[in-house]
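>>> take this sequence and fold it.
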Amino acid sequence: MRRRTYLHLAGALGVTGLSGCLTTDDNSSGDPGTASPEPSETDSPTETDSPTETAETDDPVATIEAYFEAVSAGDADALRETVHDESPYVPTIDAGEVTFPDSPPAFDPDTAETVESDPTPAQIREFEAAGFVFDDGELNDAFSGRSGVLVEAASEPTNLSMGETWVLLRESGEWRVFWVGTRPDVPDEPSEVFDPEIVDTEHDVVAEVDWEYDQDTDGAVSNVEWAQVVMTDTPGIKAEAIRVESTIEGWETELSGGGNEPDGWAGTWANVALHEDGDQIVVTAISNGTETVVHRVHYEPATGNEISTPTETE
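Numbering: from 1, shown residues only. As a prediction, this is how the structure comes out:
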């Protein structure tokens, strides 16, 4: 299962409420939530783009190349030219909140392959974390009357593109990047690929998993369940960071207090999206480059909660 740090993506899109605050008390109310990205101020998407254009404008891979050239140059204006007006990336670019890498990200156009023509909004909703980014109306409006393609491309992620599948839509006869995500890779029976459970019986890291937590998503993320993983106030081990993930839905959050706070994650929490057919939550302690799984529990949709048999930690 390919995983991505959606907390990073959430920051790029202006979404909040995924994890407990590490440096301020802004979330001390204990009532975090997510917010859908603000739509861009564009005309109503009623234009219909022809599926056949000139050779110069009919190559979606060339648009992806232009995207990476703009990222490598740190050119926000050029980057904006490659992005569709209906893309959730627009507010981040227009607000000057794009983080450009110190070294050029890698992209090999020879590895790019168009894997789908004219994808539907329903297909995009199945992407990992798509429900977190879009609501149904936004996708339907963006795809209405427009040609689209899905391109698989080996590339390094940026703080806008998190995944391997590029979603491109026509705009004024040219291909533009709409979103970059990961197509679903969910087994028919998630429980068949679960690893053995590991329970932090001493609460060295995990205080509790709240299986009844109800994430306020304002209508988004309707196809996932939620749990909240609460960290202990009194760590029993030394760890620079704690990673919390769901291995089926592909949700990942990393908690740390920075280099000057080796246990800065203590007393925080992380909200985790769980796949509706079953999932497992894995909590990993990270110290000096060494990763140790300290808690691994299963979400069974039949029960909706944790059923665990204590075992030794890895």
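
>>> A helix includes residue 138, no?
Yes - according to DSSP: H, G, I helix; E, B strand; the rest coil, the state of residue 138 is that of a helix.

>>> what about it, distance to residue 144?
Computed with Cβ to Cβ, to the nearest Å, the distance linking residue 138 and residue 144 is 11 Å. Bear in mind the C-beta positions are built from the backbone N, C-alpha and C, glycine included.

>>> the more surrounded of these two?
A count of neighbours by other Cβ atoms under 10 Å puts residue 138 above the other of residue 138 and residue 144, at 17 against 14.

>>> measure that one to residue 298 for me?
33 Å.

>>> all the strands of the stretch 151-300 of the chain, residue numbers only.
Across the stretch 151-300 of the chain, reading from the start of the chain, the strands by DSSP state E, counting those that start in this stretch fall at 165-171, 174-181, 206-210, 224-231, 241-246, 251-256, 269-275, 279-287, 290-299.

>>> nearest spatial neighbour of residue 262, chain-adjacent residues omitted?
Once flanking residues are discounted, residue 262 sits nearest to residue 240: 5.7 Å by Cβ to Cβ, 6 or more residues apart in numbering.

>>> any idea how far apart the tips of stretch 119-132 sit?
19 Å (Cα to Cα, to the nearest Å).

>>> list the buried residues of it.
For stretch 119-132, a neighbour-count test (16 or more other Cβ atoms under 10 Å) marks 119, 121, 123-125, 127-132 as buried.

>>> just the closest of the residues you listed to residue 192, please.
Proximity of the buried residues of stretch 119-132 to residue 192, judged by Cβ to Cβ, is greatest for residue 128, which lies at 19.4 Å.

>>> backbone phi and psi for that closest one, please?
The phi/psi pair for residue 128 (degrees, to the nearest 10) reads phi -60, psi 130.

>>> same question for the one 4 residues further on.
Phi and psi for residue 132, reported as degrees, to the nearest 10, are phi -70, psi -30.
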